[in-house]
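Colleague: Fold the following for me, if possible:
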Amino acid sequence: MGNDQLVSAHIRNLRHPVEVEIDGRRYSLVTTGYLAAAIGRTPRTVRLWQEQSLLPRAPFVLHFKSPYARRWLYPAEFVDAVADIAAVCETGKRMDKSKWDSWEKMIDDAEEEFISPLLGLGVTQPIRLEPVKKGSGALPKHSNV
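Modeller: Numbering: from 1, shown residues only. The predicted model follows:
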């Protein structure tokens, strides 16, 4: 079984995406761990890349008040774009500094395309998603942090 098969099998076993409705449109949001698995890295590496501004911070947070249940979320479309970028930049086990510029440019473009439209103008804080009871059929509500 090749690495691609192992990664996709691992991704299938992660938590289900969180479905939200923003401005009347449905979106799927996935965890930082899902992003890490999609690019073949650890969640710790994703956090490090966020600190180094190689990745934007997750724009949504679920269970904000509970540190043990808190989940930082990215739009699934953004995660797909980052996985494609990682393949193009051949990040391998270690990303060479020579590839950082092209990586940053492509990530900025993906952020502009998939994250910025969801946040609206001037939103700089993560958006809190308030969970709803299971089985209610409602989607999580959102508010600015």
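Colleague: for the longest helix along the chain, packing partners?
Modeller: Using DSSP state H to define each element, the chain has its longest helix at helix 100-114. If contacts are counted by 3 or more Cβ pairs under 8 Å, 6 or more residues apart in numbering; DSSP states H and E, helix 100-114 sits against helix 76-88. Any C-beta I mention is one placed from the backbone N, CA and C, and that applies to glycine too.
Colleague: picking up where we left off before, and for the longest helix of the chain, what's in contact with it?
Modeller: 53-56, 75, 77-78, 81-82, 85, 88-89, 91, 95 (Cβ atoms under 8 Å, 6 or more residues apart in numbering).
Colleague: Could you list the buried residues of it?
Modeller: Neighbour-count burial for helix 100-114, counted by 16 or more other Cβ atoms under 10 Å, picks out Trp103, Met106, Ile107, Ala110, Glu111, Phe114.
Colleague: Output that helix as PDB, nothing but the C-alphas.
Modeller: Extracted C-alpha coordinates of helix 100-114, given in PDB (Å, rounded to 0.1, in the frame of the first residue of the first chain):
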ATOM      1  CA  TRP A 100       9.000  29.200   1.100                       C
ATOM      2  CA  ASP A 101       8.400  32.200  -1.200                       C
ATOM      3  CA  SER A 102       6.400  30.200  -3.800                       C
ATOM      4  CA  TRP A 103       4.600  28.400  -1.000                       C
ATOM      5  CA  GLU A 104       3.600  31.600   0.700                       C
ATOM      6  CA  LYS A 105       2.400  33.200  -2.600                       C
ATOM      7  CA  MET A 106       0.200  30.100  -3.400                       C
ATOM      8  CA  ILE A 107      -1.100  29.900   0.200                       C
ATOM      9  CA  ASP A 108      -2.000  33.600   0.200                       C
ATOM     10  CA  ASP A 109      -3.900  33.100  -3.100                       C
ATOM     11  CA  ALA A 110      -5.800  30.100  -1.600                       C
ATOM     12  CA  GLU A 111      -6.600  32.100   1.500                       C
ATOM     13  CA  GLU A 112      -7.900  35.000  -0.600                       C
ATOM     14  CA  GLU A 113     -10.000  32.600  -2.600                       C
ATOM     15  CA  PHE A 114     -11.400  30.300   0.100                       C
END
